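Chemist: Next come a sequence and a model predicted from it.
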Amino acid sequence: MLSLVNMEKLLLRGLRGATTVTKDDAELILTATKELLELMLEHNQITDFDLIASIFFTTSPDLSSVFPAEAARAVGMKHVALICSREIPVENSLEKAIRILMHVNTSKKQSEMKHIYLNNAKKLRPDLSKP
């Protein structure tokens, strides 16, 4: 459990990640989302889910077979606030994409957060695609 002294040093930071799948298939979406979540946690040394305030999951309009947030529950995030939404249908946008915005309480600077982009989602932020 965190003490109030430690809590005072924490700031809320946004942590981004994205990945893609090859088709709209529940198992593929959950597997890809779980992989992305685990890498985001690992690369940012997040081991205590109580430090995660919330996670937003979005999917491109061509994915609808499952809620990607189910992958977070599968890795043990029982009390983290989760929500899923669909990306707006922008012409020529990345297809079959799953995006994550995680709000984390941390002592790190925003510039120290390691954002993770996998598969075809590396095109979204090539400057950050180095897991």
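Modeler: It's in.
Chemist: from here on, contacts and neighbour counts on C-alpha atoms
Modeler: Will do.
Chemist: isn't Ala53 right next to His79, touching?
Modeler: No: between Ala53 and His79 no contact is recorded; they are 9.5 Å apart, counting by CA atoms under 8 Å.
Chemist: and the two? which has more neighbours close in?
Modeler: When Ala53 and His79 are compared on other CA atoms under 10 Å, the one with more neighbours turns out to be Ala53, at 16 against 12.
Chemist: Check which helices and strands the host helix or strand of the more buried one sits against.
Modeler: When elements are assigned from DSSP states H and E, Ala53 belongs to strand 52-59. Secondary structure elements in contact with strand 52-59, counted by 3 or more CA pairs under 8 Å, 6 or more residues apart in numbering; DSSP states H and E, are strand 81-86, strand 97-106.
Chemist: Of all those, which one is nearest Leu41?
Modeler: Put simply, out of the helices and strands packed on strand 52-59 the one that sits nearest Leu41 is strand 97-106, at 9.9 Å, with distance taken as CA to CA.
Chemist: could you say what helices and strands the closest one packs with?
Modeler: Packing contacts for strand 97-106, counted by 3+ CA pairs under 8 Å, 6+ apart, involve strand 11-20, strand 52-59.
Chemist: Can you check the pLDDT for Pro126?
Modeler: Pro126 is assigned a pLDDT of 79 by the prediction.
Chemist: For the residue nearest the centre of the chain, name its beta-bridge partners.
Modeler: If you average the C-alpha coordinates of the chain and look for the closest C-alpha using CA atoms, centre = their mean, you land on Ile100, 3.1 Å from that point. When assigned by DSSP bridges, Ile100 has beta-bridge partners Gly17, Phe57.
Chemist: Tell me which residues touch it, please.
Modeler: 15-18, 55-58 (CA atoms under 8 Å, 6 or more residues apart in numbering).
Chemist: again with Val75
Modeler: Lys34.
Chemist: Distance of it relative to Asp48?
Modeler: Computed as CA to CA, to the nearest Å, the Val75 to Asp48 distance reads 12 Å.
Chemist: try Glu91
Modeler: From Glu91 over to Asp48 the distance is 39 Å, taken as CA to CA.
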